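Undergrad: What follows is a predicted protein model with its sequence.
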Amino acid sequence: MGKIVPVVLCGGSGTRLWPLSRPSRPKPFLALIGENTLFEATLERASDPTKFAPPIIVAGAAHIEHIQGQLSEAADAEIIVEPAARNTAPAIALAAARLPADAVMLVCPSDHHIADTDAFVEAAGQASKLAQQGFLVAFGIDATSPETGYGYLRQGAPLGGGYRIAQFVEKPDLARAEAFLAAGDYCWNGGLFAFRAGDFLAELAEHRPAMHAAVLAATERGTSDGRLFHPDGAEFDAIQGESVDYAVMENTDQAAMVPAAMGWSDIGNWQALHEAQNTDGDGNAASGRAELMDCTNVMVRSDGPRVSAVGLENIVIVVEGDEVLVTTHAGAQLVGKLKGASGK
């Protein structure tokens, strides 16, 4: 069996992590947990040369400077520069079109946190084995709470090392999420996938033939500049963007999943970042100059000014330059709607 090819997707600006994440300094390229950025940590998790081939990175032009600044000069990686943002299905298809048909792709978002690298590598190995059998495999993240911000996968018939996917479920309300957790056969859909390049393109051709044709044309007419590959812009711009779930995974008869308990979080907002961090006995986490007195489940992050808080619960305080954010955990999902987050 050949080595697994990591395909790292870099997109979005992470507006719900404003004011730290901004279009000029987006979420994947920030050191939110530990010293490495989320992008660097993504590459590191899939860097064992005995198991993984050099990565393919798919990103828009606005992110290339960040990628090149955080990618080792010695790293034998290819960077595909998307001419336009068209969601995950076309991005993955660009990488698939650059690979041999039998290559197993491991699709990894660049802005997620995974605490247990060993569990990730083990799950990747199981997913690769299923992919070699023709399955298109999603990682089923162990659901530890009734999250309403994630999609879910329902386990179907068992396979060696995994399960068929019986159902894809959109983000539920709290009552349904609690029912999923109680049922025990639902997992979070973490947006990580494994499949052979040829199998993915074949399913894309069946279910989204126009997208498939446009991606192949954009690839065939593309040009290389060192480690950068530029698909043809005119062909790619014509694509109607769509997620890999909608375009392929929910339509294929070969959808499978591998369970993964690996300390995963999409770090989708400040509450999620708080939960992913090490905290004291009262659930508090502080970075920078901060003093917390009689506080519970409070996170403070300051790049300069001292923050003092007394008697607070379930609050996030962020100071970045001349911007200050204060939000409850419940309000964290709405941060991206603030005028400051949109650059207004």
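TA: Sure, I can see it. Everything numeric in this text was worked out from a predicted model, so none of it was measured. Numbers count the residues shown, from 1 in each chain.

Undergrad: need the contact list for Arg227.
TA: Counting by CB atoms under 8 Å, 6 or more residues apart in numbering, Arg227 touches Ala77, Glu78, Ile79. (C-beta placed from N, C-alpha, C; glycine too.)

Undergrad: what about 6 Å?
TA: When contacts are counted by CB atoms under 6 Å, 6 or more residues apart in numbering, Arg227 touches Glu78, Ile79.

Undergrad: And Met299, how close does it get to Pro26?
TA: Taking CB to CB, to the nearest Å as the measure, Met299 falls 21 Å from Pro26.

Undergrad: Okay, and the beta partners of Ala138?
TA: Assessed by DSSP bridges, Ala138 has beta-bridge partners Phe193, Met257.

Undergrad: where in this structure is pLDDT low?
TA: Scanning the chain with the threshold set as pLDDT under 70 gives 1, 13, 73-74, 344.

Undergrad: In it, what residue spans correspond to helices?
TA: 38-45, 64-70, 88-97, 117-132, 174-183, 197-207, 209-220, 233-237, 244, 270-276 (DSSP state H).

Undergrad: Asn278: what's its closest spatial neighbour, skipping adjacent residues?
TA: Closest residue to Asn278 apart from its sequence neighbours, by CB to CB, 6 or more residues apart in numbering: Ala285 at 6.9 Å.

Undergrad: The one you found: neighbour count?
TA: 20 (other CB atoms under 10 Å).

Undergrad: possible to save the helices of the chain as CSV with distance to Pro19?
TA: Converted to CSV, these look like this (distance: least, CB to CB, whole Å):
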stretch, distance to Pro19
helix 38-45, 17
helix 64-70, 18
helix 88-97, 27
helix 117-132, 30
helix 174-183, 29
helix 197-207, 38
helix 209-220, 36
helix 233-237, 32
helix 244, 30
helix 270-276, 11
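
Undergrad: quick one, which of the ones you listed is packed in tightest?
TA: Highest mean neighbour count among the helices of the chain (mean count of other CB atoms under 10 Å): helix 88-97, with a mean of 26.

Undergrad: which helices and strands sit right next to that one?
TA: strand 56-60, helix 197-207, helix 209-220, helix 244 (3 or more CB pairs under 6 Å, 6 or more residues apart in numbering; DSSP states H and E).

Undergrad: Out of these, which is closest to Gly233?
TA: When the helices and strands packed on helix 88-97 are ranked by distance to Gly233, counting by CB to CB, first place goes to helix 209-220 at 7.8 Å.

Undergrad: And that closest one, how far out from the chain middle?
TA: 24 Å (CA atoms, centre = their mean, to the nearest Å).
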